[in-house]
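Visitor: with the sequence up front, the predicted model follows.
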Amino acid sequence: MARKPLISGNWKMNLNHFEAIQLVQKLTYALTKDDIDAVDVSIHPPFTDLRSVQTVLEADKVPISLGAQNCHWEDKGAFTGEISASMLQKLNVSYVICGHSERRQMFGETNEQVNKKVKTIIKTEMTPIMACGETLEQREAGEMAAHIVAQITEGLAGVKAEHVAAMVIAYEPIWAIGTGVTATAGDAQEVCKLVRDTVADLYNQGTADAVRIQYGGSVKPSSAPELMSQPDIDGALIGGAALSAEDFAGCIQYRLGQ
Ligand code: 13P
């Protein structure tokens, strides 16, 4: 089954709204119509940049989807500092990352909370990018597979097959995030296949064949072509390299290097 690749830029806590507008403008110049036709692209700026980035994308009719990095599962209420899915949807946000390892590790997010977020994002008619990934200690202790299967199983609990088929799962080994160490294409493929097989076990093969699986962790223009040629890798979730228009465009243009 042909799955359209999705290349996503997770800006993390970088760039104020002035800098964000500049980056989007540079990115627009760096990309051709062919690039955008072949690959879905999303950018995930900090919350404070979303309105500015939305305005630029819509005014210039740039076919890049707006994304967010997180949301709360409640619609509104006394949750100081949080942002609801419906607030994001009003800004025409299409994709919301949930369960990023930085949120799990630094802010104590659990699989149960990630599951609530996945359901809320779907209910609000946006697409979740649910992240999973193991630490180096877990990998070295032979616990990687059990950890990934648990994150997928608990993260998707109670989510209908048709919604899983339309969502995105990102495999990001924690040891490869921001370290300059990219997993080998073979390692990344192995775990992305494990994610797909887990979805097949939990649902059915059709759902597993439809879900898009991204790899994330030090992806660069030089590593993107080989990663993207793997059968179970349908895209990339990119941190550092997404902060440079040239490097992010280089990743989106991975086909040139294949
Ligand atoms: P880097 O590309 O900087 O390693 O970040 C990956 C990531 O965490 C994307 O969500």
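Guide: In hand now; what should we look at? It should be emphasised that the depicted structure is a prediction, and the values quoted were computed from it without experimental measurement. Numbering: from 1, shown residues only.
Visitor: I'd assumed Lys12 was in contact with Glu102.
Guide: Yes. Shown here, Glu102 and Lys12 form a contact pair, counting by C-beta atoms under 8 Å, at 7.3 Å. Every residue, glycine included, has its C-beta placed from N, CA and C.
Visitor: so where's the longest helix in the chain?
Guide: The residue-count maximum for a helix in the chain (DSSP state H) belongs to helix 185-202.
Visitor: for the stretch 51-200 of the chain, what spans make up the strands?
Guide: Ranges of strands in the stretch 51-200 of the chain, per DSSP state E, counting those that start in this stretch, are 65-68, 93-98, 127-132, 168-171.
Visitor: around the ligand, pick out the residues from the stretch 1-150 of the chain.
Guide: 10, 100 (C-beta under 6 Å from any ligand atom).
Visitor: show me where pLDDT drops low in the stretch 1-150 of the chain?
Guide: 1 (pLDDT under 70).
Visitor: spatially, what comes nearest to whatever residue of it ends up closest to the ligand if we skip its sequence neighbours?
Guide: Distances between the stretch 1-150 of the chain and the ligand by C-beta to the nearest ligand atom are smallest at Asn10, namely 3.7 Å. Leaving aside its sequence neighbours, Asn10 sits nearest to His44 (C-beta to C-beta, 6 or more residues apart in numbering; 4.8 Å).
Visitor: surely that neighbour and Gln69 touch.
Guide: Yes. The criterion here is C-beta under 8 Å, and His44 meets it with Gln69 at 5.0 Å.
Visitor: of those two, who's got more company?
Guide: His44 (28 against 21; other C-beta atoms under 10 Å).
Visitor: return the backbone torsion pair for the more buried one.
Guide: Backbone torsions of His44, given as degrees, to the nearest 10, read phi -120, psi 80.
Visitor: what residues are up against it?
Guide: Under the criterion of C-beta atoms under 8 Å, 6 or more residues apart in numbering, the neighbours of His44 are 8-11, 67-69, 95, 97.
Visitor: which parts of the stretch 101-250 of the chain are helices?
Guide: Listed in chain order, the helices of the stretch 101-250 of the chain (DSSP state H, counting those that start in this stretch) span 101-107, 111-123, 136-140, 144-155, 161-166, 185-202, 205-210, 224-228, 245-252.
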